[in-house]
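Q: when you get a sec, could you give me coordinates for this:
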Amino acid sequence: MTADLPLAAFAIAVRQIVLDAGDRIMEVYRSDFAVQAKADRSPVTAADEAAEAYIIGELERLSPQLPVVAEESVAKGRIPSVGSRPFWLVDPLDGTKEFVSRNGEFTVNVGLVVAGKPVLGAVYAPAVNRLFWTAGDVAWAEEGGAPKRKVTARVPAADGMVVVASRSHRDPDTDEYLAGIPVKSITSAGSSLKFCLVAAGEADLYPRFGTTNEWDTAAGHAVLSAAGGRVVTRDGADLGYAKPAFKNPGFIAKGASGR
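A: Prediction:
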């Protein structure tokens, strides 16, 4: 099924889409924006809405045959049926709490799922000018206007894991898990940048056992997979997609195994 899709062209297009969506987000970020609460009490801003509208429009032009599952649309009850087809997963502003607190740790996420696996993704953090994206089996990073560079997940050092954990959603299950493995250091970060830090060899492990949705993880998962890492459930199975209600179980994002 993947062979039927122009993935190379999609990758280039999605890279530009997240950059342009980031520009729209930053326009709101620099303003005196309002914050509203969704039905689940999570925050939403004009930046979420503007970025999502732009991304959906661009993806529908790029691939009108593919459904788009996007966070704010799902919150409003607009949930396409994906079946076994390839589909896009969009989180237009991952880390809205970070956006509201203005710490810069928020991202634009667009991922493509084929046969239950994320095969393409782009993650852009516009406030800190960090972009991670996939093209085939390669993961790229672009930072601060420098030329793109290939990123590769690393094998953990013998003296312990460098762990990156959620800034806003740390939970007791995560702390219990970390207590049972060799940990050298723990850094907190927001949004799907955590996947990208593991993909870039800046960290070894990102465990997350609280509730997430597939649009939170697909783009970062694709980047990490292309960099040589994995995202698995607590029983060691690969994290899959197109699950009921697009809900994820707990997972562990890992760097390279060295095996």
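
Q: residues in contact with the lengthiest helix in the chain: which ones?
A: Taking DSSP state H as the criterion, the chain has its longest helix at helix 7-29. Applying CB atoms under 8 Å, 6 or more residues apart in numbering, the contact partners of helix 7-29 are 45-47, 50-51, 54-55, 58-59, 62-63, 92-93, 99, 102, 106, 108-110, 112, 119-127, 131, 133-136. Yep, even glycine has a C-beta here, placed from its N, CA and C like the rest.

Q: now it: buried residues?
A: Buried residues in helix 7-29, defined by neighbour count with 16 or more other CB atoms under 10 Å: 7, 10-11, 13-15, 17-22, 24-25, 28-29.

Q: same check, this time on stretch 231-250
A: Under the neighbour-count criterion of 16+ other CB under 10 Å, stretch 231-250 has 231, 239-242, 246, 248, 250 buried.

Q: now stretch 111-126
A: By 16+ other CB under 10 Å, the buried positions in stretch 111-126 come out as 111-114, 117-126.

Q: surely Trp133 meets Lys150?
A: No. Here Trp133 does not reach Lys150: they are 11.4 Å apart, not a contact under CB atoms under 8 Å.

Q: if you count what's nearby, which of the two comes out ahead?
A: Trp133 (28 against 12; other CB atoms under 10 Å).

Q: now do the same for the more buried one: helix, strand or coil?
A: Of the three states, Trp133 takes strand under DSSP: H, G, I helix; E, B strand; the rest coil.

Q: so the closest residue to it other than its chain neighbours, which of the three states?
A: In space, and not counting its chain neighbours, Trp133 is closest to Ala122: 4.0 Å by CB to CB, 6 or more residues apart in numbering. Following three-state DSSP, we place Ala122 in the strand state.

Q: quick one: Ala122 and Ala141, what's the gap?
A: According to CB to CB, to the nearest Å, Ala122 stands 11 Å off from Ala141.

Q: what sits in contact with each of the two?
A: Counting by CB under 8 Å, 6+ apart, the contacts common to Ala122 and Ala141 are 131-132.

Q: which helix or which strand is home to the residue lying closest to Ala253 once chain neighbours are set aside?
A: With sequence-adjacent residues excluded and distances taken as CB to CB, 6+ apart, Ala253 is closest to Tyr206, at 4.0 Å. With elements taken from DSSP states H and E, the one containing Tyr206 is strand 205-208.

Q: can you spell out which helices and strands pack onto that strand?
A: The contact analysis (3 or more CB pairs under 8 Å, 6 or more residues apart in numbering; DSSP states H and E) places strand 205-208 against strand 161-166, helix 172-179, helix 193-199, strand 251-254.
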